[in-house]
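J.: Let me see the structure of the following:
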Amino acid sequence: MSMKFVRFILFPFSIIYHATTAIRNFLFDVGIFKQTGFKVPIIIVGNLSVGGTGKTPQIEYLIRLLKDSFKVAVLSRGYKRKTDGYILLNEKHSALDVGDEPLQYFKKFNNINVAVDANRVKGVNKLILQKSPEVILLDDAYQHRKIRGSFYILLTKFDDLFIDDYLLPAGNLRESRNGASRTDVIVVTKCPSDLSIKSQQSIQKRLQKFNKQVYFTKISYGKIKSSKNQFSIDEISNYKVLLITGIANPKPLLLFLDKNQVSYKHFNYPDHHHFSAKELKATMYEFDEIKSNKKILLTTEKDYIRLQGSLSNLYFIEIETSFLANGKDIFNNQITTHLNQYNY
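T.: Have a look, this model is predicted:
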C-alpha cells in the first residue's frame, strides 16, 4: 500500500484534526482562552511535528550559551515518567521518576535547576518561587499555549521540513503549518555538514512567507564514553559494536557510524522506551555472543540515562548541535539581546 494512498484514506480525519486545532489556536489568539505571561523570560523550544527534531541538543545548546551569564532553569513535562505533578530534580531521582531528558540536563550541567510538571503554568510558578531563575527554558512546549513565552524557537528537520508535511493522522504535523507564524526563529536541524549556501537559500525562500529568521544546524558527535573510560570514533573503527537505541530518529547516528566505517548490529526501540528485564537480558546475551576481545555495547546519550546501571560495559556517544556558516554568532546575539532587553 503506497504512502499516497494511506494519506488519501486518512485525509478526512486530518480535516477534523485541523478544525479542532485551528479553533483552539484561534481562541488563544483572540484571548478567549487565557495565556499566562511571567516577569521571567521564557524561551520555548518545540516543533510542529511529532518525532525527533533535535529538541534536546537545542536545549543543551541554550544551557551552554546562557549558564555563565544567567541563572538558568529548565522545565519539561517529563515524558513517560512514572510520577505525577511537580518535581524539582535532585541527585536521587531516576529516569522513571522524572524522564530521561530532564535527568540528562540535570546530570550534565552544574549550576542549573531542572524541574518537571505537565502543568507548565504551575511548574513555572513553582520554579520562580523556589529558585528565582533569570531565564526558563521550556522543552517541547510549542503547542502548550497556556504559557505566553517571551521567545519561541521552532525546529524542523532538514530532510522532513514541516512545509512538506501533513496534519495528523495523514502526516506528522501536530498543528497547521501556519503555526510557524507564532515563532521568533526557525531552526532547520540535522543538516548535512556540507550543506551549500545555495541549498540554504532555497530553503529560506520556501520559508520566507513566515517572515522569520532561519538558521541551519547540524548534529556533531564527540567522544564515546562510559563512566570510567572513553574512546574516539577512530579508535572503535576496528571494534565490533552492539548498538541499542530508543530514540525517535537514530538515522543520523547510523549514518555517522557508517561514514566512519564502524561495524555494528543495531537493536532499535521506540522513543523513550523503558527497557524490560527480558530485553536487557537478550541484549547482554547478544553482546556476549560476539567473539571478539574488541567489542563495545553502545547507546545514545539520552538512552544512557535510562540504561546506566542495567547493562555492564555500556558506552554512549556525545552529541551536540552546532550552527552552519556564521549562524552561531547571529543566533547567540539574538538570544542574549532578547534576555538583556526583556521587559515584562
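
J.: So which bits of stretch 234-243 are buried?
T.: Ile236, Tyr239, Lys240, Val241, Leu242, Leu243 (16 or more other CB atoms under 10 Å). For glycine as for every other residue, the C-beta is placed from the backbone atoms N, C-alpha and C.

J.: Mind checking which of those are in strands?
T.: The strands, defined by DSSP state E, take in Lys240, Val241, Leu242, Leu243 from the buried residues of stretch 234-243.

J.: As TSV, these with distance to Phe267 and pLDDT would be great.
T.: As requested, these are arranged in TSV below (distance: CB to CB, whole Å; pLDDT from 0 to 100):
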residue	distance to Phe267	pLDDT
Lys240	14	93
Val241	11	95
Leu242	7	96
Leu243	7	96
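
J.: returning to that earlier point: just send the buried residues of stretch 234-243 back as JSON lines, with distance to Ser76 too.
T.: Formatted as JSON lines, the buried residues of stretch 234-243 follow (distance: CB to CB, whole Å):
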{"residue": "Ile236", "distance to Ser76": "32"}
{"residue": "Tyr239", "distance to Ser76": "34"}
{"residue": "Lys240", "distance to Ser76": "36"}
{"residue": "Val241", "distance to Ser76": "30"}
{"residue": "Leu242", "distance to Ser76": "30"}
{"residue": "Leu243", "distance to Ser76": "26"}
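
J.: Looking at the residues you listed, spot the one nearest Thr183.
T.: Comparing these against Thr183 with CB to CB places Leu243 closest, at 34.2 Å.

J.: wait, isn't the closest one in contact with Tyr269?
T.: No. Look at Leu243 against Tyr269 with CB atoms under 8 Å: they stay out of range, at 11.2 Å.

J.: Find residues that contact each of those two.
T.: Taking CB atoms under 8 Å, 6 or more residues apart in numbering as the criterion, Leu243 and Tyr269 do not both touch any residue.

J.: dump the residue contacts of Gln58.
T.: Gln58 sits next to Val45, Ile153, Leu155, Val187, Thr189, Thr217, Thr321 when contact means CB under 8 Å, 6+ apart.

J.: can you do 6 Å?
T.: Gln58 is in contact with Val45, Thr321, counting by CB atoms under 6 Å, 6 or more residues apart in numbering.

J.: name the element it belongs to?
T.: Per DSSP states H and E, Gln58 falls inside helix 55-66.

J.: Pull up the pairing partners for the helix or strand just after that helix, direction included.
T.: Next along the chain after helix 55-66, taking DSSP H and E as the criterion, comes strand 72-76. Here strand 72-76 has these sheet partners by DSSP bridges: strand 113-116 (parallel), strand 135-139 (parallel).

J.: quick one on the thing from earlier: wait, which of the ones in strands among the buried residues of stretch 234-243 is closest to Phe28?
T.: Out of these, the member with the shortest distance to Phe28 (by CB to CB) is Leu243, at 42.2 Å.

J.: bridging residues for the closest one?
T.: Beta-bridge partners of Leu243, as defined by DSSP bridges: His266, Leu298.

J.: Check the burial of the residue lying closest to Ile244 once chain neighbours are set aside by counting its neighbours.
T.: Excluding the flanking residues, the one nearest Ile244 by CB to CB, 6 or more residues apart in numbering is Phe267, at 4.5 Å. By other CB atoms under 10 Å, 15 other residues sit near Phe267.

J.: Leu242 is in contact with Phe267, correct?
T.: No. The pair Phe267 / Leu242 is not scored as a contact, 7.3 Å apart, by CB atoms under 6 Å.

J.: Rounded mean pLDDT for stretch 256-271, please.
T.: Stretch 256-271 carries an average pLDDT of 93.

J.: nope, stretch 88-100 is what I was after
T.: Stretch 88-100 carries an average pLDDT of 95.

J.: Show me which residues of it are buried.
T.: Residues Leu88, Leu89, His93, Ser94, Ala95, Asp97, Val98, Gly99, Asp100 are the ones in stretch 88-100 that count as buried (16+ other CB under 10 Å).

J.: With stretch 260-267 instead?
T.: For stretch 260-267, by 16+ other CB under 10 Å, it's Val262, Tyr264.

J.: Ok, stretch 159-179 next?
T.: Buried residues in stretch 159-179, counting neighbours by 16+ other CB under 10 Å, are found at 160-162, 165-168, 170-177, 179.

J.: May I have the beta-bridge partners of the closest residue to Leu88 other than its chain neighbours?
T.: Nearest non-adjacent residue to Leu88, counting by CB to CB, 6+ apart: Ala115, 4.8 Å away. For Ala115, the beta-bridge partners are Leu75, Leu88 (DSSP bridges).

J.: what's around Ala115, how many residues?
T.: In terms of burial, Ala115 registers 24 neighbours under the definition other CB under 10 Å.

J.: Offset the numbering so it begins at 37, please.
T.: Shifting the count to begin at 37 puts that one at Ala151.

J.: Next up, the contacts around it.
T.: Contacts of Ala151 were listed using CB under 6 Å, 6+ apart, and they are Leu111, Leu124, Gly159, Leu163.

J.: could you check the distance from the first one over to Thr92?
T.: When distance is defined by CB to CB, to the nearest Å, Leu111 is 14 Å away from Thr92.

J.: hey, where'd the strands end up in the stretch 237-380 of the chain?
T.: For the stretch 237-380 of the chain, the strands defined by DSSP state E, counting those that start in this stretch cover 249-261, 266-267, 276-281, 299-304, 331-336, 350-359.
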